[in-house]
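*Asks:* with the input below, show me the fold.
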Amino acid sequence: MGLLKYKGYTGSVDYSEEDNCLYGKVLGMSKDMITYEGQDVNELRRDFEGAIDDYLALCKANGKAPVSYTHLRAHE
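*Replies:* The predicted model follows:
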């Protein structure tokens, strides 16, 4: 359907007819998975950006390097 971009991360946008919602996942992640959903595009974008912020905060709290923008670009 489309793509979302935030802080160097790109996420998919898909629609579930069964659940009547939009959903997606961050592309290029092999070990970690970041997913998000929303009832409309604005809600989906907020959840996507919040999921990225949460992922970065969790990596920092655990002393783990997040998957970098450079790494993701190599997989596009």
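*Asks:* and the strands in the chain, which stretches?
*Replies:* Per DSSP state E, the chain carries strands over the ranges 2-6, 9-16, 21-25, 35-38.
*Asks:* tabulate those strands (TSV), appending distance to residue 48.
*Replies:* (Glycine included, C-beta is placed from N, CA and C.) Below are the strands of the chain laid out as TSV (distance: least, C-beta to C-beta, whole Å):
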stretch	distance to residue 48
strand 2-6	5
strand 9-16	5
strand 21-25	7
strand 35-38	4
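*Asks:* so where do the helices sit in this protein?
*Replies:* 41-61, 69-74 (DSSP state H).
*Asks:* considering the ones you listed, which stretch scores lowest in mean pLDDT?
*Replies:* Among the helices of the chain, helix 69-74 has the lowest mean pLDDT, at a mean of 50.
*Asks:* that older thread, and the strands of the chain, which is most packed in?
*Replies:* Among the strands of the chain, ranked by average contacts under mean count of other C-beta atoms under 10 Å, first place goes to strand 21-25 (a mean of 19).
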